[in-house]
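Student: Sequence and predicted model, in that order:
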Amino acid sequence: MASADLKPEPPARPNRSPCRPCVPRVPRVIRPFEPGDVEAAAGLLVRRHAAHLVACPLLAPLARGQAVAALRAALATEGRSGWVAVTGGDVVGYLIGVPADARHFPDGVWVGDAGLAGERLEELYAVAAREWVAAGLRGHYVLVPPALRDTFFSLGFGQQQVHAARPAVDLPLDPRVRRAERRDIAALAALDLVLDDTLAASPVFSRITPVTLEQAREEWVDGIGDPAFTTFVAEADGRVLGAAIGVDVTSSRMNAGLLRPQQAGHLAFAAVLPEARGLGLGRALGQAVIGWAAVAGYPTVCTDWRSPNLGAARTWPRLGFRPTFLRLHRYVA
């Protein structure tokens with residue numbers, strides 16, 4: 001007879017955790033940007049830029065007062081629109097758009113370098129885009145640190161423009177490159193048109209307004225001796241085949257605000273005749289400007305280019321330029 005002590009025990013019942021108290025849901029809202037949100041938004045921008053500096057240390061630091069001033073300037077722009085994301089009463093993200101330059105970006109809205117920061121950027125853009133498209137603004141442009149590229153790629157944006165920088169170092173001058181002289185004016189004017197043609201053609205399709213040869217020539221007649229512009233030409237057999245210009249970055253309208261490195265030279269222009277491409281002249285001209293910047297006392301040299309400009313997109317990264325900001329674009333057809 002079996003002992004009662006040896007009877008099999010009934011199967012154990014599964015453990016049941018005690019009921020947890022209900023956690024109240026933190027309220028989340030997206031509402032219009034109000035003047036009283038500037039200080040909180042400035043804090044988000046300062047934190048974003050501090051993280052950005054870790055990846056792009058050649059950029060200038062951002063003080064809180066500068067962030068406040070940038071946001072107030074955007075809010076003071078006629079036609080601006082802005083929203084903040086609020087969680088539990090705290091501003092955790094913001095986005096501000098201003099009308100784009102209609103000459104170059106028709107029916108567009110521009111989110112500048114200080115135009116967004118923080119969390120919930122996808123939801124903020126969704127609200128903004130609804131309002132913009134309803135108002136007929138179908139071209140949307142954002143300037144973002146490279147770390148935010150994928151966020152906006154997921155929203156249907158593509159990459160249009162690259163801003164980049166590298167340390168300035170004294171590089172040897174290619175024997176085919178020299179400083180431009182007054183006798184080069186006709187060739188320099190023709191190279192102005194070459195760059196315009198490159199940007200207007202496939203695959204860039206820029207909407208720039210090209211200059212005429214006579215306009216370009218007149219500008220060079222007036223500017224060839226200007227000490228603010230350091231111009232190099234590349235030549236072979238006595239013929240000028242390419243040119244590049246170095247300037248102080250403060251003269252660049254497109255490289256201002258957070259995009260501007262501290263004390264930097266700027267590779268402002270470079271072009272090579274189509275029949276002379278493939279000879280390494282673009283690289284030689286870029287090295288000339290990098291070396292000029294170092295000799296002139298700049299610790300950094302920066303430049304920018306349209307992403308589909310194949311020559312620039314290949315040459316400048318090979319010369320050590322690394323992206324600091326990206327201009328992304330979306331057109332709602």
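Tutor: That came through, no problem.

Student: Buried residues of the longest helix seen in the chain, list them for me.
Tutor: Identified as the longest helix of the chain according to DSSP state H is helix 38-55. Within helix 38-55, the residues scored as buried using 16 or more other Cβ atoms under 10 Å are 38, 41-46, 48-49, 52. Quick note: C-beta positions are derived from backbone N, CA and C, even for glycine.

Student: ditto for stretch 263-281
Tutor: Buried, per 16+ other Cβ under 10 Å, within stretch 263-281: 264-273, 276, 281.

Student: again, but for stretch 198-216
Tutor: So for stretch 198-216, counting by 16+ other Cβ under 10 Å, buried means 198-199, 204, 206, 211, 216.

Student: Inside strands: which ones of the residues you listed?
Tutor: Residues from these lying in strands, with DSSP state E as the criterion: none.

Student: now do the same end-to-end measure for stretch 98-114.
Tutor: End-to-end distance for stretch 98-114, by Cα to Cα, to the nearest Å: 12 Å.

Student: list the buried ones in that stretch?
Tutor: By neighbour count, with 16+ other Cβ under 10 Å as the criterion, the buried positions of stretch 98-114 are 98-100, 105, 108-114.

Student: Of those residues, which is the nearest to residue 155?
Tutor: Nearest to residue 155 among those is residue 111, at 11.8 Å by Cβ to Cβ.

Student: What residues are bridge-paired with the closest residue to the closest one other than its chain neighbours?
Tutor: Excluding its sequence neighbours, the residue lying closest to residue 111 (Cβ to Cβ, 6 or more residues apart in numbering) is residue 142, at 4.2 Å. Beta-bridge pairing of residue 142, defined through DSSP bridges, involves residue 111, residue 328.

Student: give me every residue that touches residue 142.
Tutor: 111, 115-116, 152, 157, 327-328 (Cβ atoms under 8 Å, 6 or more residues apart in numbering).

Student: Give me the pLDDT value at it.
Tutor: Listed pLDDT for residue 142 reads 98.

Student: Ok, residue 225 next?
Tutor: On the pLDDT scale, residue 225 gets 86.

Student: what about the strands in this protein?
Tutor: For the chain, the strands defined by DSSP E cover 28-32, 81-87, 90-99, 108-111, 116-118, 139-144, 158-167, 177-179, 230-236, 239-248, 264-272, 300-306, 322-331.

Student: Relative to residue 71, which of those is closest?
Tutor: Of the strands of the chain, nearest to residue 71 by Cβ to Cβ is strand 90-99, at 7.3 Å.

Student: who touches the closest one?
Tutor: By Cβ under 8 Å, 6+ apart, the surrounding residues in contact with strand 90-99 are 33, 37, 40-41, 44, 71, 74-75, 77-86, 108-112, 115-121, 124-125, 128, 132, 137, 140.

Student: Closest one of the buried residues of helix 38-55 to residue 186?
Tutor: Nearest to residue 186 among the buried residues of helix 38-55, counting by Cβ to Cβ, is residue 52 at 43.7 Å.

Student: returning to that earlier point: which of the contacts of residue 142 has the most neighbours?
Tutor: Compared across the contacts of residue 142, residue 116 has the highest neighbour count, 28 neighbours, by other Cβ atoms under 10 Å.

Student: So what's the residue count around the residue nearest to that one when sequence neighbours are not counted?
Tutor: Spatial nearest neighbour of residue 116, excluding adjacent residues (Cβ to Cβ, 6+ apart): residue 95 at 4.6 Å. Using other Cβ under 10 Å, residue 95 has 25 other residues around it.

Student: What score does residue 95 have for pLDDT?
Tutor: The predicted structure scores residue 95 at 98 on the pLDDT scale.

Student: Is residue 232 bridged to anything, and to what?
Tutor: Beta-bridge partners recorded for residue 232 (DSSP bridges): residue 179, residue 244.

Student: ok, it - contacts?
Tutor: Contact analysis of residue 232 by Cβ under 8 Å, 6+ apart lists 177-180, 243-246, 285, 288-289, 292.

Student: any idea how far residue 282 is from the closest residue to residue 148 other than its chain neighbours?
Tutor: Among residues not flanking residue 148 along the chain, residue 121 sits closest, at 7.3 Å (Cβ to Cβ, 6+ apart). Residue 121 sits 36 Å away from residue 282, going by Cβ to Cβ, to the nearest Å.
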